[in-house]
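Asks: Coordinates for the following, if possible.
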Amino acid sequence: MDSSAEERQVQRDQEIARKRILDTAARLIGEGGFARLKIGMICARTGYPSGVVYQLFGSKETLVQRLVEFAAEKFADAFGAAVATRTGGLAPSPMDMLRALLDIFFELLTDMPPLNRAFVVLWTDATVGDPAVRSAMTEADRRYRFAIAQTVAAGIADGSISGVRDPDAYAAAMVGQLRGIAVAAIIDPGGIDLRAVRAELEYAVDRLAT
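Replies: Below you'll find the model as predicted:
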């Protein structure tokens, strides 16, 4: 094996290790939160020595920042697929994008993959936890709010959305609602009817087009 082939193999091995470590960290955070997460716990579950974790991520704080970015990337991919499903691959309208947001949010909330559960737990950890968690989640929240606000603003501009006076405030309210629903689904999964909650939110979004 020549040096370039060896280098590619090392890069593949590192990428496999990164994903496995992130997946494991997500499961552990979903089980016990960020404060209880220890590098040794990740090593015990993955079989990697601590040196590999530190080599790839540098610190526990950097690891959680990358985990939040990873979750956001996966959500963006899922959202894109939801938009394509709703529009049949055609250019989406602002209303299509808002409806697709609810589609993918409730789909992921119903299945609650470990990565998404960890993201919800980190939302609550950010209120009292490590500054690195707060920083990562603040940045993620700002990106989500900006995207929703831009979508609503585009709908107001083209006349497809009415009844919203402040797209930024609408986006903050939407993200706050979705966050609260996600936390409630973890705390009291049998206490809320997600199908009924989804119907109410869809009705509220549909009213924007009237």
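Asks: ok, now which ones touch S162?
Replies: 156, 208-210 (CB atoms under 8 Å, 6 or more residues apart in numbering). Where C-beta positions appear, they are placed from N, C-alpha and C, glycine not excepted.
Asks: So how do I select the buried members of those residues in ChimeraX?
Replies: A single ChimeraX command selects the buried members of the contacts of S162 (16 or more other CB atoms under 10 Å):
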select :156,208
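Asks: Show me which of the contacts of S162 is closest to A118.
Replies: A118 has its nearest neighbour among those in L208, at 31.5 Å by CB to CB.
Asks: quick one: the closest one and M95 touch, right?
Replies: Yes - under the criterion of CB atoms under 8 Å, L208 makes contact with M95 at 7.0 Å.
Asks: Show me where this structure has its helices.
Replies: For the chain, helices defined by DSSP state H occupy the ranges 3-32, 39-46, 50-57, 60-87, 94-111, 114-125, 131-158, 167-187, 194-206.
Asks: Looking at those, which one is packed in the most?
Replies: Ranked by mean neighbour count under mean count of other CB atoms under 10 Å, the helices of the chain are led by helix 114-125, which reaches a mean of 21.
Asks: In PDB, list the C-alpha atoms belonging to that one.
Replies: Taking Å, rounded to 0.1, in the frame of the first residue of the first chain, the C-alpha atoms of helix 114-125 are listed here in PDB:
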ATOM      1  CA  PRO A 114     -30.600   9.000  20.100                       C
ATOM      2  CA  LEU A 115     -29.100  12.000  18.300                       C
ATOM      3  CA  ASN A 116     -32.300  13.900  18.500                       C
ATOM      4  CA  ARG A 117     -33.000  12.900  22.100                       C
ATOM      5  CA  ALA A 118     -29.500  14.200  23.000                       C
ATOM      6  CA  PHE A 119     -30.200  17.500  21.200                       C
ATOM      7  CA  VAL A 120     -33.400  17.900  23.300                       C
ATOM      8  CA  VAL A 121     -31.600  17.100  26.500                       C
ATOM      9  CA  LEU A 122     -28.800  19.600  25.600                       C
ATOM     10  CA  TRP A 123     -31.500  22.200  25.200                       C
ATOM     11  CA  THR A 124     -32.400  21.800  28.900                       C
ATOM     12  CA  ASP A 125     -28.800  21.400  29.900                       C
END
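Asks: when you give positions from now on, start the count at 34
Replies: All right, first residue 34 from here; so that's helix 147-158.
Asks: Contacts made by that helix with the rest, please.
Replies: With contacts defined as CB under 8 Å, 6+ apart, helix 147-158 is touched by 55-56, 58-60, 62-63, 66-68, 97, 100-101, 103-104, 107-108, 141-142, 166, 169-170, 212, 215-216, 218-219.
Asks: what's the angle between it and helix 164-191?
Replies: Angle between the axes of helix 147-158 and helix 164-191 is 100 degrees (criterion: axes from the mean of the first three to the mean of the last three CA atoms, to 10 degrees).
Asks: pLDDT averaged over helix 147-158, what's the number?
Replies: What helix 147-158 shows for mean pLDDT is 93.
Asks: same thing with stretch 167-175?
Replies: The model assigns stretch 167-175 a mean pLDDT of 94.
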